[in-house]
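> give me the fold of what follows.
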Amino acid sequence: MSLENSGCIVTVNSIPQAICYHETPKFSAAIGAEWSSKPESTSPKLTLNDPGTKGQLSCSGVILDPDTGLVLCHGMIFLPFLLDRDLSKCHYLFRDSFTTELQLHVNYLTTKVATKKEVPYMYHGEKEVKLNRRGLGMALLSSSHQIHRKIEMVTAELLLMVSCSEFQDSFTKLFRKSDSWHFYTEQSEGDADTHLNDMASLHWFALLKMQNFYKSGMKRLNYASAGSLKKGDVTFACGSPFSSFCPDIFMNTLSKGIVSNLDGKRNAMILTDARCLPGTEGGGVFILSAGQYYLCGIIVAPLCWRANEWIGLTLVCSVAHIIENVKQALPALGCCLNSFLVPISGSRTHFMKFVGNSGLFHLLSAVVLIESDRTWGSGVMLNPKLLLTCRHVMDGAVHITVKLAGEYERQSSRLNAIKGKVVFATEEASPYDIAVVELESPVPGIKEPILANAFHSGDDLLVIGYGVFGRLCSPSVTSGILSSVITVDGKPVMLQTTCAVHSGSSGGALISACSGELLGIVSSNTKDNTVGATYPHLNFSIPVTVLQSPLTEYTKTRDTTAFEVLNRAGEEVKAVWKLQRKSVMKPSSKL
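Got it, this is the predicted structure:
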């Protein structure tokens with residue numbers, strides 16, 4: 001089964017009278033439903049107590065088995081139909097736990113390949129609309145064949161809803177209420193909003209069975225156990241942004257990223273930087289191995305906001321864990337599920353990776369967590385005793401604590417925390433936000449990173465740092481490209497990337513995905529001071545070429561004055577880092 005045919009849209013009809021759906025001129029979406037929105041607010045709202053109003057809730061789903069018509073999706077859209085809303089003591093929910101008003105259907109795609117002699121049609125449901133070739137339009141890039149997509153709709157039956165306790169354990173540990181996480185809605189005071197975005201409900205999933213399902217050549221899915229995943233593995237997400245809104249355009253949209261982080265028993269929780277939108281909840285996340293796609297997870301939520309910080313990553317639950325819980329609830333389905341959900345075979349070396357032969361494991365080991373008196377951030381080990389970080393991470397502290405993750409955390413508990421001393425930090429007036437730290441004792445086995453001497457816009461990159469979950473988890477990895485190399489007098493002074501950079505990533509490593517070389521030290525992302533919003537995918541790093549000469553001199557002489565050159569940067573360099581560089585180009589037009 002191709003990725004584009006593996007997904008579907010699950011829609012629940014006849015919403016109870018306590019919940020109403022309002023149409024607005026501007027579309028907004030939350031967990032796949034078309035919620036209402038106040039004109040002055042961008043936050044989607046689901047309101048209560050408007051009797052007689054009907055509507056629908058929808059989300060993405062995955063067709064597990066075309067032979068039996070089994071579909072797996074997120075369970076959030078079913079919660080308004082529960083007879084008893086208290087889920088604290090439940091692990092399974094069957095059809096009799098819901099109101100009789102619950103009705104659902106599934107939309108799925110079929111494809112038809114036509115030759116250029118055939119008249120092209122656009123399919124939607126039972127309608128066929130002949131394409132008009134007159135006037136302006138989109139030019140077809142293929143002159144020999146055209147792929148026609150047709151959306152079919154069938155009714156479906158809810159077999160059960162099941163919770164994934166392993167995912168919930170990790171979620172409770174990492175997503176603390178004090179961090180003010182917001183996934184779909186941002187409630188304002190005085191609103192009587194339902195808690196469809198309640199953190200305690202995100203670990204529920206639904207298993208459905210489609211009625212009168214036409215297979216149209218679809219094949220069964222295989223899955224990869226999340227326990228075999230590693231950070232940096234390439235992921236492909238397939239979901240329908242805004243779910244039932246404009247399925248002709250949005251249905252089964254693909255997105256590509258990498259595994260950014262993993263947590264829980266056998267990696268029950270997966271974090272990926274594949275960008276997904278509201279409505280893709282319940283969609284599938286796949287990995288590619290030996291030319292075949294394997295389902296590894298189900299989208300739980302596109303992460304939106306942590307306090308005032310935009311996150312822009314996607315939260316995923318391991319599909320293997322969900323299936324294990326389904327088997328416990330429905331033993332009769334065990335044989336059926338075992339027949340097609342076969343764990344991936346072969347070595348992990350067949351997994352598609354974002355990093356080549358450089359070895360992401362060694363790069364992860366070189367990035368450490370730094371804690372000072374009042375702040376914390378990331379740092380990069382250059383050798384067993386020397387590391388670089390940002391001045392603002394130190395916040396004026398002289399003595400700090402360095403914590404190591406990965407291999408060193410498992411080998412020896414005494415290496416979890418090592419004391420360090422700040423031997424140099426740039427002045428506040430310096431554009432280069434850098435601090436140099438010496439550890440009291442060396443860290444054995446550190447593989448010294450290779451420092452880059454050239455930069456090329458468009459190159460694939462990785463950022464490694466303690467953003468998103470910070471001290472609660474091991475370092476996260478995000479992917480992107482080098483979008484710009486800013487130079488002064490022909491020398492690089494700033495690197496701009498599209499990798500997601502969050503609070504806690506400062507001092508982290510900017511890595512070439514091709515060579516594994518260290519390109520720079522992450523310094524900041526971008527904040528709009530007028531609205532207070534941050535933009536993680538617009539960020540800046542200090543090129544290692546700025547640091548190479550003073551580092552070389554310091555390792556030879558142990559004289560910290562070697563770093564004073566960083567305080568003597570010119571005014572143009574300062575203007576670059578203040579984002580105040582004057583343009584030398586004069587506009588030739590008022591347009």
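> which parts of the protein are helices?
Remark: helices assigned in the chain by DSSP state H are 3-6, 165-174, 247-250, 319-329, 334-340, 360-366, 391-394, 407-411, 544-557, 571-577.
> helices and strands around the second one, which ones?
Read that as helix 165-174. For helix 165-174, the contact count by 3 or more Cβ pairs under 8 Å, 6 or more residues apart in numbering; DSSP states H and E identifies strand 253-263, strand 269-272, strand 314-318, helix 319-329 as packing neighbours. For the C-beta atoms, the positions are set from N, CA and C on the backbone; glycine is no exception.
> how about JSON lines for those, with mean pLDDT, distance to residue 419 and mean neighbour count added?
JSON lines is the format used below for the helices and strands packed on helix 165-174 (pLDDT from 0 to 100; distance: least, Cβ to Cβ, whole Å; neighbours: other Cβ atoms under 10 Å):
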{"stretch": "strand 253-263", "mean pLDDT": "94", "distance to residue 419": "27", "mean neighbour count": "22"}
{"stretch": "strand 269-272", "mean pLDDT": "96", "distance to residue 419": "31", "mean neighbour count": "28"}
{"stretch": "strand 314-318", "mean pLDDT": "96", "distance to residue 419": "35", "mean neighbour count": "28"}
{"stretch": "helix 319-329", "mean pLDDT": "90", "distance to residue 419": "39", "mean neighbour count": "21"}
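> can you list the ones you listed in TSV and add distance to residue 459?
Below are these laid out as TSV (distance: least, Cβ to Cβ, whole Å):
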stretch	distance to residue 459
strand 253-263	15
strand 269-272	21
strand 314-318	24
helix 319-329	33
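> show me what contacts residue 450?
Taking Cβ atoms under 8 Å, 6 or more residues apart in numbering as the contact definition, residue 450 lies against 515-518.
> I'd say residue 183 and residue 311 touch.
No: if you go by Cβ atoms under 8 Å, residue 183 and residue 311 don't touch, sitting 9.8 Å apart.
> what do those two both touch?
303-304.
> partners of the longest strand along the chain in the sheet?
For the chain, the strand with the greatest residue count under DSSP state E is strand 145-163. Within its sheet, strand 145-163 is paired with strand 92-94 (antiparallel), strand 103-115 (antiparallel), strand 204-210 (antiparallel), according to DSSP bridges.
> list the buried residues in the first one.
The neighbour-count criterion (16 or more other Cβ atoms under 10 Å) identifies residue 93 as the buried residues of strand 92-94.
> how much space separates residue 203 from residue 506?
Distance, residue 203 to residue 506, by Cβ to Cβ, to the nearest Å: 32 Å.
> one more: residue 494?
Going from residue 494 to residue 506 by Cβ to Cβ gives 15 Å.
> the more surrounded of the two?
Between residue 494 and residue 506, counted using other Cβ atoms under 10 Å, residue 506 has the larger neighbour count: 28 against 23.
> turn the helices of the chain into CSV, columns for distance to residue 60.
Listed next are those as CSV, based on distance: least, Cβ to Cβ, whole Å:
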stretch, distance to residue 60
helix 3-6, 11
helix 165-174, 18
helix 247-250, 10
helix 319-329, 14
helix 334-340, 20
helix 360-366, 30
helix 391-394, 39
helix 407-411, 36
helix 544-557, 42
helix 571-577, 42
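> do you know which of those lies nearest residue 378?
When the helices of the chain are compared by Cβ to Cβ, helix 391-394 sits nearest residue 378, at 7.6 Å.
> and the contacts of that closest one?
370, 372, 375-379, 400, 422, 425-426, 428, 433-435, 506-507.
> try it again at 7 Å.
Residues outside helix 391-394 that contact it (Cβ atoms under 7 Å, 6 or more residues apart in numbering): 370, 372, 375, 377, 400, 422, 425-426, 433-435, 506-507.
> same question for stretch 169-176.
Here stretch 169-176 makes contact (Cβ under 7 Å, 6+ apart) with 181, 199, 202-203, 263-264, 268-269, 469, 472-473.
> quick check: mean pLDDT of it?
Averaging pLDDT along stretch 169-176 yields 90.
> list the buried residues in that stretch.
Neighbour-count burial for stretch 169-176 [16+ other Cβ under 10 Å]: 169-171, 174-175.
> of those, just say which sits nearest to residue 443.
residue 174 (26.0 Å).
> and the gap between the residue nearest to residue 206 when sequence neighbours are not counted and residue 10?
Excluding the flanking residues, the one nearest residue 206 by Cβ to Cβ, 6 or more residues apart in numbering is residue 75, at 4.5 Å. Residue 75 sits 10 Å away from residue 10, taking Cβ to Cβ as the criterion.
> more neighbours, these two?
More crowded of residue 75 and residue 10, by other Cβ under 10 Å: residue 10, with 31 against 25.
> report pLDDT for the more buried one.
Reported pLDDT for residue 10: 93.
> repeat that for residue 39.
So, for residue 39, pLDDT stands at 32.
> just the one 3 residues further on next, same as before
Here, the pLDDT recorded for residue 42 equals 36.
> ok, the one 5 residues further on next?
In the predicted model, residue 47 carries a pLDDT score of 33.
> check residue 69 too.
In this model, residue 69 is scored at 89, pLDDT.
> any idea how far residue 104 is from it?
13 Å.
> would you enumerate the residues in contact with residue 372?
393-395, 397, 400.
> just the buried residues of stretch 290-302, please?
The neighbour-count check on stretch 290-302 (16+ other Cβ under 10 Å) flags 293-302 as buried.
> for stretch 467-475, same thing?
Of all the residues in stretch 467-475, those buried under the rule 16+ other Cβ under 10 Å are 467-470, 473-475.
> where in the stretch 351-500 of the chain is pLDDT low?
Applying pLDDT under 70 to the stretch 351-500 of the chain flags the ranges 351-359, 406-415.
> quick one, grab the pLDDT at residue 120.
According to the model, residue 120 scores 47 on pLDDT.
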